[in-house]
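Student: requesting a structural model of the entry that follows:
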Amino acid sequence: MLKSSYHLFTVFGIPIKADLSLLVLLFMLTAGERDPVFGLGLGLALLVSITLHELGHSLTAMAFGCRVRDITLMMLGGCATLLNMPRKAWQEFLVAIAGPLVSLTLAAAGLLACWPEVRGHSYVFSNKTAYFFFHAGVMNAFLFGFNMLPAFPMDGGRILRAFLQQFFMTRVRATWVASRIGRGVAILMGLSVLYSLLTGSAESYKFIRLLIAFYIYQSAEREYRMVLLEESGGRLNPFAGFPFFGRDSRTPPPDDGKAIVSPPPYARGGATRVDVHKEL
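Tutor: Coordinates of the predicted model:
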């Protein structure tokens, strides 16, 4: 029977799985290079980078007593599934920023390893290995920059929520603000795909960008509603029904600091827990 994901190996007690959609990403990277072997090598380097990125999140979460169910590699990136989240905002901040810092470190290491010469307006590499490290460094720099976008529930959005919760408001209200900013970023990303269609640029990645925009738009609302269910005291949103806010959205409850939202008090699958998905 065909499964949606397959176990690859286990690191620090964390199962690493590969989703079938990963084959699409590997195919796109391989087809995008003149040398298929070089393209496949870049694809594997990307998978290693994403795995290390997710391990950064997971190991930091484990240091705060959180449990990690698994890490899944897929076409849209990586997903670390935590069975519970840190209780304090500063801990969530450290968990969220750990992944991007790993990507930034890998980017610096890759670029320093090749250090291309600049002649005229082009880069000149001493050999193909240096060229490979250059591409790997650029990929990780992109992972860092993309994940730092304030698009909740991505890393940047979680960092924003933790910052708001730590200094200005409760977790519920901070989640509401971060989720609305995340939806705004998703709309802008979708518009960028429309712009690419009209101008004929970035041909290879329109579909993935559109999928990421859709994921962010849907997940931002889903995670806000999850936190709101934990608090169970929201008011009906007067803007309910409009696409940006969501049909069943609610406004944040009074900012009284009494909402206890972690760990969640409701059950899934016969066990009291929550699966919090963190995408690339």
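Student: stretch 71-90: which residues count as buried?
Tutor: Buried residues in stretch 71-90, counted by 16 or more other C-beta atoms under 10 Å: 71-82, 84-86, 89. C-beta: built from backbone N, CA, C; applies to glycine.
Student: out of the residues you listed, the closest to T30 would be?
Tutor: T30 has its nearest neighbour among these in M75, at 13.7 Å by C-beta to C-beta.
Student: just the ones in strands from the buried residues of stretch 71-90, please.
Tutor: I71, T72, L73, M74, G77, G78, C79, A80, T81, L82 (DSSP state E).
Student: redo these as TSV? Include pLDDT and distance to A113.
Tutor: Compiled in TSV, these are given as follows (pLDDT from 0 to 100; distance: C-beta to C-beta, whole Å):
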residue	pLDDT	distance to A113
I71	91	26
T72	90	29
L73	89	24
M74	85	28
G77	81	24
G78	85	23
C79	86	29
A80	88	27
T81	86	32
L82	86	33
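Student: looking at these, spot the one nearest L143.
Tutor: Taking C-beta to C-beta as the measure, G77 is the one of those closest to L143, at 8.0 Å.
Student: tell me what that closest one is bridged to.
Tutor: M74 (DSSP bridges).
Student: right, and it touches S49 too?
Tutor: No - contact between G77 and S49 fails when scored by C-beta atoms under 8 Å: they sit 10.2 Å apart.
Student: before we move on, back to that, need the max-distance pair from the buried residues of stretch 71-90.
Tutor: Maximum pairwise distance in the buried residues of stretch 71-90, criterion C-beta to C-beta, is 31.7 Å, between M75 and A89.
Student: check G156 and give its pLDDT.
Tutor: Here the pLDDT value assigned to G156 is 91.
Student: for the host helix or strand of it, packing partners?
Tutor: Per DSSP states H and E, G156 falls inside helix 155-167. For helix 155-167, the packing partners by 3 or more C-beta pairs under 8 Å, 6 or more residues apart in numbering; DSSP states H and E come out as helix 89-114, helix 171-199.
Student: any idea which of these gets closest to L164?
Tutor: Among the helices and strands packed on helix 155-167, the nearest to L164 by C-beta to C-beta is helix 171-199 (3.8 Å).
Student: next SSE downstream of that closest one?
Tutor: helix 206-231.
Student: remind me which residues of the stretch 1-150 of the chain are low pLDDT?
Tutor: 1-3, 32, 116-126 (pLDDT under 70).
Student: where along it do the helices fall?
Tutor: All helices of the stretch 1-150 of the chain, identified by DSSP state H, counting those that start in this stretch, fall at 22-31, 36-63, 89-114, 128-147.
Student: could I get the ones you listed as a markdown table with distance to R209?
Tutor: Below are those laid out as a markdown table (distance: least, C-beta to C-beta, whole Å):
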| stretch | distance to R209 |
| --- | --- |
| helix 22-31 | 12 |
| helix 36-63 | 16 |
| helix 89-114 | 19 |
| helix 128-147 | 10 |
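Student: tell me which of these approaches I14 most closely.
Tutor: Proximity to I14 (C-beta to C-beta) singles out helix 36-63 among the helices of the stretch 1-150 of the chain, at 5.6 Å.
Student: by contact count, what packs against the closest one?
Tutor: With contacts taken as 3+ C-beta pairs under 8 Å, 6+ apart, helix 36-63 sits against strand 14-19, helix 22-31, strand 68-74, strand 77-82, helix 89-114, helix 128-147.
Student: mind listing what's buried in that helix?
Tutor: By neighbour count on 16+ other C-beta under 10 Å, the buried set for helix 36-63 is 38-39, 41-43, 45-47, 49-62.
Student: tell me what angle that helix forms with strand 14-19.
Tutor: 140 degrees (axes from the mean of the first three to the mean of the last three C-alpha atoms, to 10 degrees).
Student: okay then, goodbye and thanks.
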